[in-house]
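K.L.:
What shape does this take:
(one chain, ligands or ions: 2)
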Amino acid sequence: MTKILAIDTSCDETSAAVTDNLSILSNIIWSQASLHTQYGGVLPSLAQREHKARIDFVIQKALTSAQCLMPNISAVAVTQGPGLAIALEVGISKAKELAIKYHKPLIAVNHIEGHLLSPLANFKFQISNFKFPALGLVISGGHTELIKINKIGDYEILTQTQDDALGEALDKAARMLGLGYPGGAILEKMAKLACLRRQGDPKSYALPLPMAGKEQDNYFSYSGLKTAFYRLVEKEKPLTKEKIYNLAVSFQSTAFRHLIRVSSLTIRSSAYSLVPSASLLVGGGVAANVEVRKRIRKMAKEFGIKALFPNSKKLYGDNAAMIGIAAYFKFQRKEFVKDIASLDRLPRFSISDIGI
Ligand code: KG4
Ligand code: ZN
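P.N.:
Ligands and ions are numbered 1, 2, ... in the order given. The predicted model follows:
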């Protein structure tokens, strides 16, 4: 039994969780999203203030929900980065304080590794049966990365976005339509409503597919699509409900087509062969979208690989349980922070730099 108290304060969710090996005992998430809505994005100073105000309560709730006391914890884990510097700082200083006070080892976790390994939470199979190399796809508000997993803890980014992340692009598109923040889930709702009402034809507006015809440049790029969408929205004003449905569906569909096209090209052209029945681990807030999961599953099937997604809704967006899952593997490898007092935040921590 490896009970880990994990903390994540990388962006606008204050989260603490208790995990036991790959099981989740508690996963408390205090979202600040509604407070940031008026700014159309996350305001770092506000995020820091809210983390500071909530962190003790959230940690206490995670421990009581897991029916656990600090002395029973095997280690404390915390997100070191990437994320907002002054927000990361709050979780890191609290984790240091607890590790020192209760004489526990401290584990520093990369937030993207947390998203990547989130499908392994409550994993039903023996992890030793897992085949490597495997693939990973992280689609969040800040990252769009296709990753080669040589083994757990050893990652290479095969391709990533050159500008905006997929979630960021969805958020910006939703804002252009006056739908609020964070926009990914709202756009999905509009797209679903459009289908229910038999309105919202993804082909009603011709948006340019990013990087079309540039098969040699296998990377994601959403800024051109964003600009094209801005022009289209301006042209279509005043917006009626029907126009909003059609615009939302068109943007979402083009953004996902690009995700799948570049992922497929990269998997096909990457200079290694996948082992039969390899897995594709998929995590991040955008993966909560039913339509994107459907498209990813179809792509994986075409490559003869199996797409694995988190098995609960709370595991998609930012949460501390995924940090506990990543920390469990580090615990097994005894990768503890050597000098707890000097652990520093890494706001631009890349998953390919883990272990360097
Ligand atoms: O992983 P996450 O919670 O935070 C980051 O690490 O960035 O991802 C947040 C992103 C936001 O851009 C949000 O709009 C998007 O995930 N998102 C969605 C959905 N739910 C959240 N995008 C599409 N469909 C959803 N249902
Ligand atoms: Zn995240």
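
K.L.:
Buried residues in stretch 50-63, which are they?
P.N.:
In terms of neighbour count (16 or more other Cβ atoms under 10 Å), stretch 50-63 has its buried residues at 50-52, 54-55, 58-59, 62-63. In short, each C-beta sits where N, CA and C put it, glycine included.

K.L.:
nearest to ligand 1, of these?
P.N.:
Closest approach to ligand 1 among the buried residues of stretch 50-63 (Cβ to the nearest ligand atom): H51, at 14.8 Å.

K.L.:
Number of residues surrounding the nearest residue to the closest one once chain neighbours are set aside?
P.N.:
Nearest non-adjacent residue to H51, counting by Cβ to Cβ, 6 or more residues apart in numbering: V90, 3.9 Å away. Residues lying near V90 (other Cβ atoms under 10 Å) number 25.

K.L.:
Please report how far Q32 lies from A95.
P.N.:
19 Å (Cβ to Cβ, to the nearest Å).

K.L.:
Looking at these two, which has the bigger crowd around it?
P.N.:
More crowded of Q32 and A95, by other Cβ under 10 Å: A95, with 29 against 21.

K.L.:
Now do the contacts for the more buried one.
P.N.:
Applying Cβ atoms under 8 Å, 6 or more residues apart in numbering to A95 gives the contacts 7, 76-78, 106.

K.L.:
What about ligand 1: which of these touch it?
P.N.:
With Cβ under 6 Å from any ligand atom as the criterion, these include none near ligand 1.

K.L.:
Which of the residues you listed ranks first by neighbour count?
P.N.:
A77 (33 neighbours).

K.L.:
helix, strand or coil for that one?
P.N.:
strand (DSSP: H, G, I helix; E, B strand; the rest coil).

K.L.:
hang on, it packs against I325?
P.N.:
No - A77 is not in contact with I325 according to Cβ atoms under 8 Å; the separation is 9.5 Å.

K.L.:
ok, the most centrally placed residue in the chain to H103 distance?
P.N.:
The centroid of the chain falls nearest to G284 when counting by Cα atoms, centre = their mean (2.3 Å). When distance is defined by Cβ to Cβ, G284 is 35 Å away from H103.

K.L.:
The helix ranked longest in the chain and ligand 1, any residue contact?
P.N.:
Scanning the chain for the helix with the most residues, using DSSP state H, yields helix 241-269. No - judged by Cβ under 6 Å from any ligand atom, helix 241-269 and ligand 1 are separated, with a smallest distance of 7.8 Å.

K.L.:
what's that helix packed up against?
P.N.:
strand 134-139, strand 144-151, strand 154-160, helix 166-176, helix 183-196, helix 223-236, helix 290-302 (3 or more Cβ pairs under 8 Å, 6 or more residues apart in numbering; DSSP states H and E).

K.L.:
any idea which of the ones you listed is most buried?
P.N.:
Greatest average neighbour count among the helices and strands packed on helix 241-269 goes to strand 134-139 (a mean of 26), per mean count of other Cβ atoms under 10 Å.

K.L.:
Can you check my assumption that E89 lies in a helix?
P.N.:
Yes - assessed by three-state DSSP, E89 belongs to a helix.

K.L.:
Excluding chain neighbours, give the residue nearest to it in space.
P.N.:
R345 (5.6 Å).

K.L.:
burial measure for the residue of the stretch 201-350 of the chain at minimum distance from ligand 1, as a count.
P.N.:
Residue nearest to ligand 1 within the stretch 201-350 of the chain: G285 (2.3 Å; Cβ to the nearest ligand atom). Neighbours of G285 under the rule other Cβ under 10 Å: 25.

K.L.:
Next: V286.
P.N.:
Neighbours of V286 (other Cβ under 10 Å): 30.

K.L.:
Assess the claim that it and E168 are in contact.
P.N.:
No - using Cβ under 8 Å as the test, V286 is too far from E168 to be in contact (9.7 Å).

K.L.:
what is in contact with those two at once?
P.N.:
With Cβ under 8 Å, 6+ apart, V286 and E168 have common neighbours G141.

K.L.:
State the number of residues packed around D12.
P.N.:
When neighbours are defined as other Cβ under 10 Å, D12 has 26 of them.

K.L.:
Ok, L259 next?
P.N.:
24.

K.L.:
Could you pull up the contacting residues of the closest residue to S352 other than its chain neighbours?
P.N.:
Leaving aside its sequence neighbours, S352 sits nearest to I157 (Cβ to Cβ, 6+ apart; 5.0 Å). By Cβ under 8 Å, 6+ apart, the contact list for I157 reads 145-148, 350-352.

K.L.:
Would you format those as CSV with pLDDT and distance to A307 included?
P.N.:
CSV is the format used below for the contacts of I157 (pLDDT from 0 to 100; distance: Cβ to Cβ, whole Å):
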residue, pLDDT, distance to A307
E145, 98, 16
L146, 97, 13
I147, 96, 14
K148, 94, 16
S350, 97, 24
I351, 98, 19
S352, 96, 22
